[in-house]
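Undergrad: quick one, what's the 3D model for this:
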Amino acid sequence: MRILALFFLLILSHIDSFGQSPALKKGLPMIDLTLIDGDRYTNRDVKSGPLVLIYFSPDCDHCQQFISSLLQRESLIKKRQVLLASFVEVDQLARFGIGLGINRYPDLKMGTEGESFRIARALGIRKFPYIALYDSARNLIRTFEGEQPFGVIVEAIEKM
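TA: Down below sits the predicted model:
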């Protein structure tokens, strides 16, 4: 009987994993990043207003193309808080950011969570780039994972 109860609990715990992705169940995940300038950035540093959280890898061609295209849309960046998060070492991330001219965008933050993968696990990220859109109350509005049409993402960001 005890084995049957254990089996039933195991089945119930896995049923939930076939429902919504973890990101759709939660608000903003725990953020603890080391920015490319060496400063620390946490949930307390997130300003009020809409947030665009982009999780990426600097080695990912789709990520490079997406971020480069996004930076060309300055009006999108200036009206919203944009947080670029990754897992790579700060030095590699800084080289990527400098190459893109990230320093021209003071409200755009780029940092690494290192090997903690808190954000990646909380959002259930499987493909890059991963874009999560949050409203002012930090409720998740929409996510995009992997290669997606740029226009669709821009339209969603503009509606924030």
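
Undergrad: relative to Met110, how far out is Thr34?
TA: 10 Å (C-beta to C-beta, to the nearest Å). (Glycine included, C-beta is placed from N, CA and C.)

Undergrad: and the two? Which one has more around it.
TA: Per other C-beta atoms under 10 Å, whichever of Thr34 and Met110 has more neighbours is Met110, with 27 against 16.

Undergrad: output the below-cut-off pLDDT ranges for this structure.
TA: By pLDDT under 70, the low-scoring segments of the chain are 1-26.

Undergrad: what are the buried residues along the strand or helix carrying Ala94?
TA: Per DSSP states H and E, Ala94 falls inside helix 90-100. For helix 90-100, burial by neighbour count (16 or more other C-beta atoms under 10 Å) applies to Val90, Leu93, Ala94, Phe96, Gly97, Leu100.

Undergrad: what is the neighbour count of the closest residue in space to the third one that isn't next to it in sequence?
TA: In space, and not counting its chain neighbours, Ala94 is closest to Ile36: 4.1 Å by C-beta to C-beta, 6 or more residues apart in numbering. Each residue near Ile36 was counted by other C-beta under 10 Å, and the total is 23.

Undergrad: many thanks, we can stop here.
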